[in-house]
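# I need the structure of the sequence given here:
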Amino acid sequence: MTKPLIYIKERIGNNKRSFVIINPFTGRGIPINHKLVQKKCKELVSKLKLDDIDYILGFCEQGIVPAYTIAFLTKIPFISSTRTRLNDHTEIHFVEEHSMFPNQYIYGLKKGDKVAIIEDEITTGKTLCNAITSLHQKGVEVKEVGALIMTSDTNNLGKLKKQAINPKYIFTKEDIIF
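Next up, the predicted model:
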């Protein structure tokens, strides 16, 4: 029997979230399958409106691979968050509440920039909402959100829809082996 494409592993030492999603798109737990990443990112690109986008934004660590892949495929410049705080006036700070290292920073964006956020997974939507709020406060417009995996119910996604953001995705929780 072959291993499932997407599955759950118990997380040790993090009482904020007891599990992690293992998949072939991020390099966490199993090697990245480059052909599959490109295939699924092309599929995601076909669902997104990227005509007016200045940057593809990915969140560290696991969101970087799919975001970079989409940036590469579309030739749109890529930028990512970091967990390192810099002395830089362009700092945009947001919190990934379930993480052991929750503070994330984005540098290099300015008021009026338009971004598409690309995630590996959207689990509850909280990190996404936190990031979008911080980006909007700095005058950065979030035009699109895409994820390879959407496991969220509508709890936090309602907040996104109020901001006219409707995430596009490829896999759902029905595709995950629990």
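
# quick one, what contacts the nearest residue to residue 139 once chain neighbours are set aside?
Using C-beta to C-beta, 6 or more residues apart in numbering and skipping residues adjacent in sequence, the residue nearest residue 139 is residue 111, 3.1 Å away. Heads up, the C-betas are built off the backbone N, CA and C, glycines and all. By C-beta atoms under 8 Å, 6 or more residues apart in numbering, the residues touching residue 111 are 138-140.

# cool, residue 147 as well?
For residue 147, the contact set (C-beta under 8 Å, 6+ apart) comprises 44, 66, 118-122, 167-170.

# Redo those residues as JSON lines? Include distance to residue 145 and pLDDT.
Below are the contacts of residue 147 laid out as JSON lines (distance: C-beta to C-beta, whole Å; pLDDT from 0 to 100):
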{"residue": "44", "distance to residue 145": "11", "pLDDT": "98"}
{"residue": "66", "distance to residue 145": "12", "pLDDT": "97"}
{"residue": "118", "distance to residue 145": "8", "pLDDT": "98"}
{"residue": "119", "distance to residue 145": "7", "pLDDT": "95"}
{"residue": "120", "distance to residue 145": "12", "pLDDT": "93"}
{"residue": "121", "distance to residue 145": "12", "pLDDT": "91"}
{"residue": "122", "distance to residue 145": "8", "pLDDT": "91"}
{"residue": "167", "distance to residue 145": "4", "pLDDT": "93"}
{"residue": "168", "distance to residue 145": "7", "pLDDT": "95"}
{"residue": "169", "distance to residue 145": "9", "pLDDT": "94"}
{"residue": "170", "distance to residue 145": "13", "pLDDT": "95"}
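
# Number of residues surrounding residue 26?
Neighbourhood size, residue 26 [other C-beta atoms under 10 Å]: 21.
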